[in-house]
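**Student:** show me how the following folds:
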Amino acid sequence: QVQLVESGGGLVQAGGSLRLSCAASDSLFSTNTMGWYRQVLGKQRELVASITRLGNTNYADSVKGRFTISRDNAKSTVYLQMNSLKYEDTAVYYCNLAPTIPRAYNWGQGTQVTVSS
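**Tutor:** Next comes the predicted model:
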């Protein structure tokens, strides 16, 4: 089973920055489109950014211009640089394949991002 380990979250003031990391134990990592998702308690998990194996990226409108997704295939790791953070970015952040249908890895524990206003 592929394991996903997210890290880098924390408490930050509005306007601040964080860099999230997600390490995947997947020998085929470099062939997959990966995504960062976030979930607020009581709401559905949403895809905020994705990156193809060739490095093409897509972003949700709510984070466009503030977040940057990147990957290091040699390390089987995907990153999310988050700048100009807003209170509404507060959520638990996860990584996984993008999209997660028809298949997804088991979800990791996520990393909590809390932005104080």
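**Student:** count the residues that sit near residue 88.
**Tutor:** When neighbours are defined as other CB atoms under 10 Å, residue 88 has 11 of them. Using the backbone N, CA and C atoms, a C-beta is placed for each residue, glycine as well.
**Student:** ugh, wrong one, residue 20
**Tutor:** Around residue 20 there are 24 other residues, counting by other CB under 10 Å.
**Student:** what comes up buried for the one helix or strand residue 21 maps to?
**Tutor:** Following DSSP states H and E, one finds residue 21 within strand 18-24. Neighbour counts over strand 18-24 (16 or more other CB atoms under 10 Å) mark 18, 20-24 as buried.
**Student:** what lies in contact with the helix or strand following it?
**Tutor:** Proceeding N to C from strand 18-24, the next assigned helix or strand is strand 34-39, under DSSP H and E. Residues from elsewhere that reach strand 34-39 (CB atoms under 8 Å, 6 or more residues apart in numbering): 20, 22, 24, 45-51, 67, 69, 71, 78, 80, 89, 91-100, 110, 113.
**Student:** hmm, 7 Å instead?
**Tutor:** 20, 45-51, 69, 71, 78, 80, 91-98 (CB atoms under 7 Å, 6 or more residues apart in numbering).
**Student:** can you list the buried residues in that strand?
**Tutor:** 34-38.
**Student:** tell me the gap between it and the middle of its chain.
**Tutor:** Chain-centre distance of strand 34-39: 4 Å, with CA atoms, centre = their mean, to the nearest Å.
**Student:** what's the first helix or strand after it?
**Tutor:** That would be, after strand 34-39 and using DSSP H and E, strand 46-51.
**Student:** what residues of that next one count as buried?
**Tutor:** Buried residues in strand 46-51 (16+ other CB under 10 Å): 47-51.
**Student:** got a list of what residue 51 touches?
**Tutor:** Contacts of residue 51 by CB under 7 Å, 6+ apart are 33-34, 57, 69-71, 78.
**Student:** now, these that are in strands?
**Tutor:** Counting by DSSP state E, those place 34, 57, 69-71, 78 in strands.
**Student:** beta partners of the spatially most central residue of the chain?
**Tutor:** The residue lying closest to the centre of the chain (CA atoms, centre = their mean) is residue 36, at 2.5 Å. Counting by DSSP bridges, residue 36 forms beta bridges with residue 49, residue 95.
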